[in-house]
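Peer 1: give me the fold of what follows.
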Amino acid sequence: GDDSTVEMKDATIPHPTQVDQQRIVLQQRVVIPSTHAETSTHTDEKGSDDDDCRHLHFALFACQHTAPYGPARHTASLFLKIISRALTAAGVATINSTSTTTTCVWNVRVVVYDAVQSDYPQTEEEWDSYDGFLLPGSLSAAYDTEEWILKLANIITSELHGKNRKSLGICFGHQLYAHAFSPHGLAIKCPSGFQAGRKTASLTPEGSFLLGSHSSGNNGTTTTGKTKEELDALLYTHGDMVEKLPPCAVCLGGTEPTVPIQTVAYFQTEQDAAQFQAFVRTSDRRMVPPKPPILPIAITFQAHPEYADRKHGAEATFGAVMDKVNKKDMLSLDELKAAEQDMMDNFHKIEDQSTQVVARVGAWLGWWESNS
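Peer 2: Below you'll find the model as predicted:
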């Protein structure tokens with residue numbers, strides 16, 4: 001296969017450890033060897049003891065206690081798996097482009113905070129100890145007025161966006177990141193009904209720049225792309241959507257006319273967003289673009305790249321959502337069966353595109369540059 005991918009079918013879901021009897025911590029040791037060796041990814045709770053080990057620490061704000069978007073341990077394991085796979089893909093691409101023979105060892109850690117219980121880092125030092133923040137899916141709606149949702153919305157605007165903390169939002173996290181800026185950002189129920197399965201999102205020029213085949217987040221590698229690039233192999237399960245974005249956000253792509261805002265980049269200010277757009281739209285699209293003077297501080301997706309784990313993501317989580325949708329008659333049985341069959345038929349493509357998208361997100365958010 002391609003050197004920029006890694007097979008992880010035999011990798012096990014990491015065993016969590018407990019901090020203060022409550023905090024779930026999952027970690028995975030990722031070894032990226034020289035171009036002449038086989039890339040491997042495996043769990044190792046002693047990975048942090050390597051002298052030359054780099055550390056990449058994430059806080060995940062769990063937004064659902066029960067299946068399918070919970071429990072938190074399951075959700076965190078899916079995020080750990082896709083981030084480790086993306087890191088490996090990005091690392092191999094970098095090694096291939098620089099011809100280095102150095103083996104790199106990473107310890108990737110995901111620490112779970114229970115957002116439903118308004119559980120967050122308590123000190124500035126604790127906040128600063130994380131390289132990134134993960135906002136996952138939920139059965140709740142971003143426009144609900146439950147106390148914990150309002151609290152998380154405030155955390156997004158004051159602590160994450162307000163302090164330039166690099167974040168990845170998925171599904172509910174994507175919707176709430178926008179709705180947190182209400183009335184300038186807005187999440188609503190999908191007018192066209194529940195969306196499930198693989199969808200095609202056309203990328204905007206900004207989306208092609210950040211996520212497309214010519215993206216600098218692709219670590220210098222290029223492929224021949226279409227004039228209008230698409231993300232056509234990500235899985236979706238959602239009944240709500242982002243309708244409106246705040247001025248500090250830029251739409252990266254969408255599915256017209258049903259869900260026009262599928263993925264978004266956020267910047268610190270409206271001026272930064274405008275400057276980024278101007279830079280992208282005046283760049284030579286035939287060339288691998290250089291890094292812009294201003295980078296995003298958060299990228300969000302309506303899609304679920306973490307589903308790109310056949311057993312625990314595609315079959316367990318995606319399957320559980322399909323079961324719930326079926327019981328509530330939100331889609332016809334024929335539509336559900338077609339979505340599940342399409343997922344199984346195209347799983348390798350889904351796995352590859354999900355990995356590459358997260359690899360590019362990590363590159364733009366600076367995660368793969370983490371220091372030891």
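Peer 1: quick check: residue 178 vs residue 331, distance?
Peer 2: Distance of residue 178 to residue 331, given as CB to CB, to the nearest Å: 25 Å. All C-beta atoms are positioned from the backbone trio N, CA, C, and that covers glycine.
Peer 1: ok, the two, which is more surrounded?
Peer 2: Neighbour count, other CB atoms under 10 Å: between residue 178 and residue 331, residue 178 has more, with 26 against 19.
Peer 1: what is the burial count for residue 301?
Peer 2: When neighbours are counted by other CB under 10 Å, residue 301 registers 27.
Peer 1: what sits against it?
Peer 2: Going by CB atoms under 8 Å, 6 or more residues apart in numbering, residue 301 touches 168-171, 174, 234, 262-263, 357.
Peer 1: among the residues you listed, which one has the most neighbours?
Peer 2: So for those (other CB under 10 Å), the most neighbours sit at residue 174, 31 neighbours.
Peer 1: which of the three states applies to that one?
Peer 2: helix (DSSP: H, G, I helix; E, B strand; the rest coil).
Peer 1: low-confidence regions, the protein specifically.
Peer 2: 1-21, 34-52, 93-101, 214-227, 284-290, 370-372 (pLDDT under 70).
Peer 1: how about the helices in it?
Peer 2: According to DSSP state H, the chain carries its helices in the segments 72-98, 124-128, 147-155, 172-179, 205-211, 270-281, 319-327, 333-345, 347-364.
Peer 1: out of these, nearest to residue 257?
Peer 2: Ranking the helices of the chain by proximity to residue 257 (CB to CB) places helix 205-211 first, at 17.4 Å.
Peer 1: now the closest one: how far from the chain's centre is it?
Peer 2: 16 Å (CA atoms, centre = their mean, to the nearest Å).
Peer 1: now do stretch 192-206
Peer 2: 15 Å.
Peer 1: report the buried residues of it.
Peer 2: Using 16 or more other CB atoms under 10 Å as the test for burial, stretch 192-206 gives 194-199, 201-206.
Peer 1: could you work out the end-to-end span of it for me?
Peer 2: The first and final residues of stretch 192-206 sit 26 Å from each other (CA to CA, to the nearest Å).
Peer 1: in strands, which of the buried residues of stretch 192-206 fall?
Peer 2: Applying DSSP state E to those, the entries found in strands are 195-199, 201-203.
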